[in-house]
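Trainee: Could you look at this predicted model? Sequence included:
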Amino acid sequence: MTSGPLLLARRRDAAGRARVDYRAVWLLAGPLIANSAIQSVLNLTDTWFVGRLSASAVAAMGAIFWIVLCVIFLLGGVGMAVQTFAAQANGGGRRRRASQAAWSGMYASLLATPLFVAAGFLGAPLLALLHLDAEVQRLALAYWWPRLVAGGPLALLAWSLTGFFNGIGRSRITLLVTVVMALMNVPFNQWFMFGLGMGIAGSAWGTVAAQLVGLTVALAVFLGARTRRSYRSHLTWRHTAVRRQFSLGLPMGLSAVADLLGVALFQLMLLTLGTTEGAATQVVLMLTSLAYMPGVGLSLAGTTLVGHAIGAGEHDWAATLGTGIIRLVVLFMSTVGVLLALAGPWLMPLFVNAADPQGAALVALGGTLLWIAAAYQAFDGLNLGASFCLRGAGDVRVPAVFVAILSWGLWMPLTHALTFPRGAGWVHFLPQFGYGAAGGWAALVAYVMTLGTALWLRWRSGAWRRLSLAAR
């Protein structure tokens, strides 16, 4: 049995051979790409608002932003797994099982809430270990608690619902939810930060308020008449599979955390090098998310389509779809990376207070870093496309091992070695070449090239076929 999105993504050539219908893929992926692009806009909105405070506030946000995401993604795998289960169930015509996955993800998210609270108390001792500037540390702590403890559980609940909509091919609902969040984020940031005078903490609370509105919209659609009629979403809360969510979700979360924690430490190393280096890196990471986040959206289409094919028992078609989508991700991210680098002289000043004495140096360094970032976009496309297609097939454990080994065994030590001069940095048993921020970003290029190649080879090996057959 095949489902709508699966059939729409397949056409026959003159010889009767199955070919990927890329127009149909783009119709499914378009809302997902737009959704991920809007996520980038959300991040850039927060960065822009915080930039109105000071360079120290931007550096503080950079110091804590990636650590917050690490905690959210570590626990958030239970929400991300919903898309895989929903896609495979929908591809096999088991619609009740698809909505059951959404409820399972939401229950698992609620079970994770106490862990977010516990993590909230770790902010102060963690930042104390990093020996940051006192003002940067104070501002970072103000951002930490609301963004993590209140925003974390809301993010997981939203991922569970949007994962369901993505998995069944209704990606426009996910886009609607994200658009609502993005629109509400602007007035909420303005109100909390400046209307209520909460400063950088207001940015975090503004995001939380926007998340709550988006979650309300997602729940309304999930429990609406159309979804109830087709998927019995109002009944499947009684028969959930929470243990299964953790079984697949934890490796997903660990894979994301191994990568994101690397980004967090990468950012902190450059912040330790200097406020200008840390702030420029934060802005460039936010700008490159304009390539990364839409790339995630296109890759999510791979998760859905591969999952549908697996659920329908069509493994050869899953391989064809996955390979085609990976190529699309590579092409897209490479193009956007170059365009961002070309636009660097116009983009960087938008995130700097004109009166800030460090502004000119930040703009100049950021322009250089954007060109280095452009160098790895093709391999980041391999990384994203292959990992999300593997996720659609349920192959998550080996990719998680790849990410952990390469992040901690290659990226982190190489970043330290290339960034800090002799006698500086966090440790002294590694060689220290002192190339500064450019050296740190060169280490990131080496890591992404190696990881992308490894995941592409994993996909091409077809090992996921055995795993998906065993799961059936």
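Mentor: Received, thanks.

Trainee: the helices in the stretch 151-300 of the chain, which residues?
Mentor: Listed in chain order, the helices of the stretch 151-300 of the chain (DSSP state H, counting those that start in this stretch) span 151-167, 171-190, 200-222, 225-231, 242-273, 275-311.

Trainee: Including mean neighbour count, distance to residue 434 and mean pLDDT, could these go into CSV?
Mentor: Placement of C-beta: from N, CA and C, glycine included. CSV is the format used below for the helices of the stretch 151-300 of the chain (neighbours: other Cβ atoms under 10 Å; distance: least, Cβ to Cβ, whole Å; pLDDT from 0 to 100):
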stretch, mean neighbour count, distance to residue 434, mean pLDDT
helix 151-167, 26, 37, 90
helix 171-190, 21, 38, 89
helix 200-222, 21, 32, 90
helix 225-231, 14, 57, 88
helix 242-273, 21, 10, 83
helix 275-311, 27, 13, 86
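
Trainee: Relative to residue 41, which of the ones you listed is closest?
Mentor: helix 171-190 (5.7 Å; Cβ to Cβ).

Trainee: Quick one: distance of that closest one to the chain centre.
Mentor: With Cα atoms, centre = their mean, to the nearest Å as the basis, helix 171-190 stands 17 Å off its chain's centre.

Trainee: and that helix with helix 275-311, angle?
Mentor: Interaxial angle of helix 171-190 relative to helix 275-311 (axes from the mean of the first three to the mean of the last three Cα atoms, to 10 degrees): 160 degrees.

Trainee: Just want the angle from helix 171-190 to helix 151-167.
Mentor: Going by the same axes, to 10 degrees, helix 171-190 makes 160 degrees with helix 151-167.

Trainee: which residues are contacting helix 171-190?
Mentor: 28-32, 34-35, 38-39, 41-42, 45-46, 49, 158, 161-162, 165-166, 202-203, 205-207, 209-211, 213-215, 217-218, 221, 300-301, 304 (Cβ atoms under 8 Å, 6 or more residues apart in numbering).

Trainee: ditto for stretch 107-115
Mentor: 75, 78-79, 153, 156-157, 159-160, 240, 242, 245-246, 249.

Trainee: Buried residues, that stretch. List them.
Mentor: 107-109, 112-113 (16 or more other Cβ atoms under 10 Å).

Trainee: Present those residues as TSV; the columns should include pLDDT.
Mentor: Formatted as TSV, those follow (pLDDT from 0 to 100):
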residue	pLDDT
107	88
108	88
109	89
112	87
113	87
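
Trainee: circling back: looking at the helices of the stretch 151-300 of the chain, which is nearest to residue 127?
Mentor: Comparing these by Cβ to Cβ, helix 242-273 comes nearest, at 9.7 Å.

Trainee: Run through the neighbouring helices and strands of that closest one.
Mentor: helix 55-91, helix 95-111, helix 275-311, helix 397-406, helix 412-419, helix 436-461 (3 or more Cβ pairs under 8 Å, 6 or more residues apart in numbering; DSSP states H and E).

Trainee: For the protein, name the helix or strand with the lowest mean pLDDT.
Mentor: In the chain, no helix or strand scores lower on mean pLDDT, DSSP states H and E than helix 4-8, which sits at a mean of 50.

Trainee: Quick check: next helix or strand after that helix?
Mentor: strand 10-12 (DSSP states H and E).

Trainee: contacting residues around that next one?
Mentor: Taking Cβ under 8 Å, 6+ apart as the rule, strand 10-12 contacts 18-21, 24, 317.

Trainee: cutoff 10 Å now
Mentor: Taking contacts as Cβ atoms under 10 Å, 6 or more residues apart in numbering, the residues outside strand 10-12 that touch it are 2, 17-24, 305, 309, 314, 317, 320-321.

Trainee: which two in those are spaced the farthest apart?
Mentor: 23 and 314 (20.1 Å).

Trainee: Now do the closest residue in space to residue 283 that isn't next to it in sequence, the pLDDT please.
Mentor: Using Cβ to Cβ, 6 or more residues apart in numbering and skipping residues adjacent in sequence, the residue nearest residue 283 is residue 351, 4.7 Å away. If you check residue 351, the pLDDT there is 77.

Trainee: mind checking how far residue 351 is from residue 255?
Mentor: 30 Å (Cβ to Cβ, to the nearest Å).
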